[in-house]
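[1] Sequence and predicted structure below; questions after.
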Amino acid sequence: MKKNNDFDFIKNEFEKENITAPYALNENLVINRIADVKQKKIRFYQKKSFKAVVSAAACIAVVVTALTAAKPYLVDDKAAIDVAPPAQEQLLNTFTSVEDIKSTVKKIENDKAAYAEKFGINGGGFINTDGAILNAETTVDITSATEGGRADSYSDTYRQVDAVDEGDIIKNDGEYIYYVSSYHNCIKIYETASGEGKLVSQIDDFRISDYGDNSEDEYIQDIYIYNDTLVVNTYKFEYSEDYSRAEELALVHLFDVSDVSEPKQINTLSQSGTYVSSRLIGNQLYFVSNDYIYSEECKSDDDYIPYICNGKNAEKTVIPFQDIAYGNNPDTASYLIVSAINIETGERSTDTKAIFGAGTDIYCNEDNMYITMGQWRWKRDIALLDSVQAIESKTQIVKVSLSENGIQFSATCEVAGDVNNQFSLDEKDGKLRVATTSYNENDERTNNLFVLDESLNKIGEITGFADNESIQAVRFVGDTAYVITYEQVDPLFIIDLSDPANPQIKGEVEITGFSSLLVPVDENTLLGIGYSTYQGEYGEVTDGVKLALFDISDHENPAVLDSYVLDDAYSEAQYNHHALVVNHDKGYYAIPYEVFNQNTYKSTNGALTFEISDSKIDVTNQFVIDGEETAIRCTYAEDNLYVFNYSGCANVFIVD
């Protein structure tokens, strides 16, 4: 690994902003985290003054943008591995010995080093500081008091596929609200019966130590609630005896919350690597991590092999070679690890599987999980480049078949371009549809939509639309794809996929700003949640939260019905769909917001509720919570809307 001063620069930026970097911070760990960073090619900049943590992260992002050698580059342009899926067999190649793995890792590292030297690129790093420095504490604001038991009407996590639950920092079962306090790194449990948002109990097992030994610290990523079991997904650092080496470990903790006043831990299962994401289908939790391998840090053969632990203090068990797959020409020295855990029994449902590669975004339905990883390389000698856009980008896709009998890696492929997020993928009738942004022969951004068969072979495509723009939002509904791209305006493209071999753009409409989340309202109406923009001195500037309503009844002639802008505002719903609440019973939508006052440099936080009727967006309430700490989630039970900040303090409002 080539050493440089980038790591020192990152640490200095934290110190300038009076931010304490994590104790586990070291150069290898930072570089290890780079694979979790997705480059965004949006050319606008934020008008709002961000908190110190964002300022520091922005400096780091500049470093990461220039240091693409830390990402795997492409070594083969093969479109897909053509495999015919026999039942319950590992469908890709598998390793037979640790020597095979060692030689593969060494080849990848040598190729990467040669590539980096050729283009003069050094390694770099990224720090995830989300929620790490906020320190405001507010009190519960009680504005309603209604008696009752478990709510008949309460909100669930907004998800891509109805039958597939997604992990989030808030869960609501109608009787209790479970919330992850990012600042305190704990879980707070509130009751809903009284309507007061009373704190019932708190799970402090994961509290971060302030000083000294932090070898047991864990960092909560998201949670689920299944009947009386609370699922807590975390990660931690595993240190060598002399603290010279640290590895990340992804963990699943199961708590019995049948008595919420005294949650009891049932079991802990873990696997090597960085937590990527998970999905809950029925009682089955599918848990995904990335485990990066650096040969210079491997002290024994077992260090080259991913592992699992079946208990809090259980011994490590390496994953057998026959359960470690790889595709043609693997180019990432890491493993993508997938486990299935039965929440009712608290044990693994089947053997854990791994494949050479890494993942960032996950699309999952009841039958298959698709995991993506963006890859890019310079198109030609860097000395000739006049812009960082002169790169070639591709997305690796791994298909994981899910069934009661086990997990199987069934196919893998590469498609041109980068996906925006999980909504860029969708499966219908066994065919995967993928929307990407890539670069054309003129080094300009362009956009594509590919249709792949069950073996991930390409059967249809539409490429090269919306030049000089990039995809900001995608939503697939049946045989139709709705795609938002952005440069100066926000075009909505409607793409007909009824003939998978021949996708066709049927119509488009433009609106200023752009949407980053598309929400089907009904068969004729689409809601866009995103950003308002204006042209600043140095480029396009975002300056508020924008809601846009589209008429999609005529695919050849879509139209903008209405729009609404909350000026100088930010909402987590602009980039995280879990922050959106949809109340089907009362017919309203809710999102958390923060409005920044440019004159006082103070923030107002709360929740915005709105309804859609008669082709109009009707904002019904703009609730304000105590303090300046950012509101990041809201949820409802009966007539009460609960709004939460980073600390996990509940503010309760009545929604008539």
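    In hand now; what should we look at?

[2] And the residue nearest the centre of this structure?
    Closest to where the C-alpha atoms of the chain average out (Cα atoms, centre = their mean) is Asp361, at 6.0 Å.

[3] For that one, give the beta-bridge partners.
    Listed by DSSP bridges, the beta-bridge partners for Asp361 are Thr372.

[4] what residue ranges in the protein score low on pLDDT?
    Along the chain, segments meeting pLDDT under 70 span 1-91, 118-149, 207, 209-215, 243-244, 378-390.

[5] where along the stretch 51-200 of the chain do the strands fall?
    Read by DSSP state E, counting those that start in this stretch, the stretch 51-200 of the chain holds these strands, from start to end of the chain: 93-94, 165-166, 170-172, 176-181, 186-191, 199-203.

[6] no no, the stretch 451-600 of the chain
    Going by DSSP E, counting those that start in this stretch, the stretch 451-600 of the chain shows strands at 458-465, 470-477, 480-486, 489-496, 504-512, 514-522, 525-536, 539-551, 559-567, 569-570, 581-583, 588-596.

[7] Can you tell me which of those is nearest to Ala116?
    Using Cβ to Cβ as the criterion, the shortest distance between Ala116 and the strands of the stretch 451-600 of the chain is 26.2 Å, found for strand 470-477. The C-beta positions use only the backbone N, C-alpha and C, and glycine is treated the same way.

[8] Would you give the sheet partners of the closest one, along with the direction of each?
    Using DSSP bridges, the strands paired with strand 470-477 are strand 480-486 (antiparallel).

[9] Output the partner strand as PDB, nothing but the C-alphas.
    Extracted as PDB, the C-alpha positions of strand 480-486 are listed here (Å, rounded to 0.1, in the frame of the first residue of the first chain):
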ATOM      1  CA  THR A 480     -42.800   1.500 -17.000                       C
ATOM      2  CA  ALA A 481     -39.700   3.300 -15.800                       C
ATOM      3  CA  TYR A 482     -39.800   6.900 -14.600                       C
ATOM      4  CA  VAL A 483     -36.400   8.500 -14.700                       C
ATOM      5  CA  ILE A 484     -35.300  11.900 -13.400                       C
ATOM      6  CA  THR A 485     -32.100  13.300 -14.800                       C
ATOM      7  CA  TYR A 486     -30.500  16.700 -14.000                       C
END
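
[10] List of residues touching it?
    42, 426, 433, 435, 437, 447, 449, 465-466, 469-476, 490-497, 503, 514-516, 518, 526, 528, 530, 552, 555 (Cβ atoms under 8 Å, 6 or more residues apart in numbering).

[11] mind running it again at 7 Å?
    433, 435, 447, 449, 466, 469-475, 490-497, 514-515, 518, 526, 528, 555 (Cβ atoms under 7 Å, 6 or more residues apart in numbering).

[12] Please spell out which residues along it are buried.
    With burial defined by 16 or more other Cβ atoms under 10 Å, the residues of strand 480-486 counted as buried are Ala481, Tyr482, Val483, Ile484, Thr485, Tyr486.

[13] For the last one, give its distance to Asn365.
    Right, the one you point to is Tyr486. Here the distance between Tyr486 and Asn365 works out to 28 Å (Cβ to Cβ, to the nearest Å).

[14] can you check the fifth one too?
    Relative to Asn365, Thr485 is positioned 26 Å away (Cβ to Cβ).

[15] and the helix or strand hosting Val232, which strands flank it?
    When elements are assigned from DSSP states H and E, Val232 belongs to strand 229-239. The pairing partners recorded for strand 229-239 under DSSP bridges are strand 218-226 (antiparallel), strand 246-256 (antiparallel).

[16] Would you reformat those as CSV and include distance to Pro330 and mean neighbour count?
    Conversion of the strands paired with strand 229-239 to CSV gives the following (distance: least, Cβ to Cβ, whole Å; neighbours: other Cβ atoms under 10 Å):
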stretch, distance to Pro330, mean neighbour count
strand 218-226, 27, 21
strand 246-256, 20, 22
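
[17] Indicate which one of the ones you listed is closest to Val624.
    The nearest among those, by Cβ to Cβ, is strand 218-226 at 27.1 Å.

[18] Quick one: work out the angle between that closest one and strand 176-181.
    For strand 218-226 and strand 176-181, the angle between their directions (axes from the mean of the first three to the mean of the last three Cα atoms, to 10 degrees) works out to 160 degrees.

[19] can you give me the angle strand 218-226 makes with strand 186-191?
    Angle, strand 218-226 to strand 186-191, by the same axes, to 10 degrees: 30 degrees.

[20] Tell me the one of the buried residues of strand 480-486 nearest Val541?
    Tyr486 (13.1 Å).

[21] Now that closest one: closest residue in space, sequence neighbours ignored.
    Phe514 (3.8 Å; Cβ to Cβ, 6 or more residues apart in numbering).

[22] I'd assumed Arg159 was in contact with Glu166.
    Yes: counting by Cβ atoms under 7 Å, Glu166 sits close enough to Arg159 to count as a contact (4.8 Å).

[23] show me what contacts Ser97?
    By Cβ under 7 Å, 6+ apart, Ser97 lies in contact with Phe321.

[24] Need the phi and psi values for it.
    Dihedral angles phi and psi of Ser97 (degrees, to the nearest 10) take the values phi -160, psi 160.

[25] Please apply the same query to Glu297.
    With angles defined as degrees, to the nearest 10, Glu297 sits at phi -100, psi -10.

[26] do the same with Asp303
    Torsion angles at Asp303 (phi, psi; degrees, to the nearest 10) stand at phi -70, psi -20.

[27] How much space separates it from Asp418?
    If you go by Cβ to Cβ, the gap between Asp303 and Asp418 works out to 32 Å.

[28] With Lys316 instead?
    Lys316 sits 35 Å away from Asp418 when distances are taken as Cβ to Cβ.

[29] Next: Tyr304.
    Summarising the geometry, the distance separating Tyr304 from Asp418, computed by Cβ to Cβ, is 30 Å.

[30] What distance do you get for the closest residue to Glu628 other than its chain neighbours to Glu629?
    For Glu628, the nearest residue in space outside its immediate sequence neighbours is Ser603; the separation is 4.6 Å by Cβ to Cβ, 6+ apart. As defined by Cβ to Cβ, Ser603 lies at a distance of 8 Å from Glu629.

[31] can you check Thr229 too?
    Computed with Cβ to Cβ, the distance linking Thr229 and Glu629 is 30 Å.

[32] The two: which is more packed in?
    Glu629 (21 against 17; other Cβ atoms under 10 Å).

[33] is it true that the more buried one touches Ser647?
    Yes: in this structure, Glu629 sits in contact with Ser647. The criterion is Cβ under 7 Å, and the distance is 6.2 Å.

[34] related to what we said a few turns ago, Tyr304 and Asp418 - which one has more neighbours?
    Remark: of Tyr304 and Asp418, Asp418 carries more neighbours, 27 against 20, as counted by other Cβ under 10 Å.
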